[in-house]
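Trainee: Sequence plus the predicted model coming up.
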Amino acid sequence: MMTFILLGKYTMDALKGMSAQRTEDAVEAIEQCGGEVEAMYATLGPHDLVFVISFPTVDDAMKCSVFLSRMTGIGFATCPAVPVEQFDQMMAET
């Protein structure tokens, strides 16, 4: 499984649909896409939401990100992430 960070930004329409049920529906959708939710945070600043999710492939992450945006109206930026130890090892090999 690969780790991805999804950075969410509410639109005005997305704000209207905020609910615990929508959050549960989003988690279910992520799982149906083959993902596992590691953590979900509401934040202040340039992003309103930060999700840490594992997916089997980049394709799965991309499909799910678009699906979540369509479902919720929340705009997501989806970024692959690797542990720093793994990054250091990759850089030592270059």
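Mentor: Sure, I can see it.
Trainee: where exactly do the helices run in this structure?
Mentor: 12-16, 20-32, 58-72, 84-92 (DSSP state H).
Trainee: in the first one, what counts as buried?
Mentor: By neighbour count, and taking 16 or more other Cβ atoms under 10 Å as the criterion, the buried residues in helix 12-16 are residue 14. Backbone N, C-alpha and C define where each C-beta goes, glycine included.
Trainee: Go ahead and name everything in contact with it.
Mentor: 72, 73, 74 (Cβ atoms under 8 Å, 6 or more residues apart in numbering).
Trainee: what do you get for the third one?
Mentor: Taking Cβ under 8 Å, 6+ apart as the criterion, the residues outside helix 58-72 that touch it are 2, 4, 6, 14, 17, 22, 25-26, 29-30, 33-35, 53, 55, 74-76, 78, 80.
Trainee: Could I get the phi/psi values of the spatially closest residue to residue 90 that is not a sequence neighbour?
Mentor: What sits nearest to residue 90 in space, not counting adjacent residues and going by Cβ to Cβ, 6 or more residues apart in numbering, is residue 82, at 7.5 Å. The phi/psi pair for residue 82 (degrees, to the nearest 10) reads phi -130, psi 150.
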